[in-house]
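**Student:** Please find the sequence and the predicted model below.
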Amino acid sequence: MAHHPGAGTEMTPEQGKQASAERALEFVQDDSVVGVGTGSTVAYFIQGLGRMKDRIQGAVSSSEQSTKLLKELGIPVFDLNATGPLELYVDGADECDPHNRLIKGGGAALTREKIIAAASRQFVCIVDPSKLVPVLGRFPVPVEVIPMARSHVARQIVKLGGDPVWREGTVTDNGNWILDVHNWSITDPVALESRLNAIVGVVTNGLFAARPADLVITGGEIRA
């Protein structure tokens, strides 16, 4: 399928999200606990899990929002501490580069998402084609910060060439705040991810580069 604008077979973003979510269901193993991310594309995946809930033990969720959806469908939700390593984690992304490195955290669930990704053997990212970019950074990089460290962290980010904006009114499920960093063209996301995490007061950041996605499904098509 052609993914360039104006192609006659172009999907709408919603169709792309749904097609990617449906394809990801193929990776769910019987009798497993599935790691589940957050967001509009993942919501379609959760709906699909609901149809096969008798085949799985349950899920580990990255946000209160996803936990609510899972429970409404009768899918048991487990604590990651109780499950041990997971076989599969499925989540969306705000941006994805050609090396499957991601920017995530538009929905402010980045810390729990990153923890579950780290604890999972396979990370499948589901996106609509509009999220694919040649270089990360058009979407601002979310950075979760301890509230008292917000100004300190922002000053350090400015030294790294970023333009941090406090996402006022947003409190993460962990009780922290978010800085969205604009005006970066990120050619080495692994190094920047590490540098940001080294700033005192940063909980984590939305660059998923040290642990990228293993597979990206875009509009239903798999890209390894």
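**Tutor:** Happy to help now that I have it.
**Student:** which residues are contacting the strand ranked longest in the chain?
**Tutor:** Assignment by DSSP state E gives strand 120-127 as the longest strand of the chain. Residues from elsewhere that reach strand 120-127 (C-beta atoms under 8 Å, 6 or more residues apart in numbering): 16-17, 20-21, 23-24, 27, 35, 41-42, 45, 85-93, 96, 100, 102, 117, 211-218. Any C-beta I mention is one placed from the backbone N, CA and C, and that applies to glycine too.
**Student:** filter those to the buried ones?
**Tutor:** Buried members of the contacts of strand 120-127, counted by 16 or more other C-beta atoms under 10 Å: 16-17, 20-21, 23-24, 27, 35, 41-42, 45, 86, 88-93, 96, 100, 102, 117, 212-218.
**Student:** so of the residues you listed, which ones are in helices?
**Tutor:** 16, 17, 20, 21, 23, 24, 41, 42, 45, 117 (DSSP state H).
**Student:** Residue 123 versus the residue nearest to the fourth one when sequence neighbours are not counted, what's the distance?
**Tutor:** By the measure of C-beta to C-beta, 6 or more residues apart in numbering, the closest residue to residue 21 outside its immediate chain neighbours is residue 44, 3.5 Å from it. Separation of residue 44 from residue 123 (C-beta to C-beta, to the nearest Å) stands at 18 Å.
**Student:** Neighbour count: those two, which is higher?
**Tutor:** Set residue 44 next to residue 123 and count neighbours by other C-beta atoms under 10 Å: residue 123 wins out with 25 against 21.
**Student:** What score does the more buried one have for pLDDT?
**Tutor:** As predicted, residue 123 sits at a pLDDT of 98.
**Student:** what's the answer for residue 193, then?
**Tutor:** For residue 193, the predicted pLDDT is 98.
**Student:** helix or strand for it, which one?
**Tutor:** Using DSSP states H and E, residue 193 falls within helix 189-197.
**Student:** CA atoms only: put that helix into PDB for me.
**Tutor:** Provided in PDB are the C-alpha atoms of helix 189-197 (Å, rounded to 0.1, in the frame of the first residue of the first chain):
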ATOM      1  CA  PRO A 189      18.200   9.800  20.100                       C
ATOM      2  CA  VAL A 190      20.100   7.200  22.100                       C
ATOM      3  CA  ALA A 191      22.600   9.800  23.400                       C
ATOM      4  CA  LEU A 192      19.900  12.400  24.000                       C
ATOM      5  CA  GLU A 193      17.700   9.900  25.900                       C
ATOM      6  CA  SER A 194      20.700   9.100  28.200                       C
ATOM      7  CA  ARG A 195      21.600  12.800  28.600                       C
ATOM      8  CA  LEU A 196      18.100  13.800  29.600                       C
ATOM      9  CA  ASN A 197      17.800  10.900  32.100                       C
END
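**Student:** Might you calculate how far it sits from the centre of the chain?
**Tutor:** 17 Å (C-alpha atoms, centre = their mean, to the nearest Å).
**Student:** In contact with residue 36, which residues?
**Tutor:** By C-beta under 8 Å, 6+ apart, the residues touching residue 36 are 42, 45-46, 49, 59-62, 66, 70, 89-91.
**Student:** rerun that using 10 Å as the cut-off
**Tutor:** 42, 45-46, 49, 58-63, 66-67, 69-70, 75, 77, 86, 88-91, 113, 116 (C-beta atoms under 10 Å, 6 or more residues apart in numbering).
**Student:** Residue 65 now?
**Tutor:** 38, 39, 42, 43, 107, 108, 109, 173.
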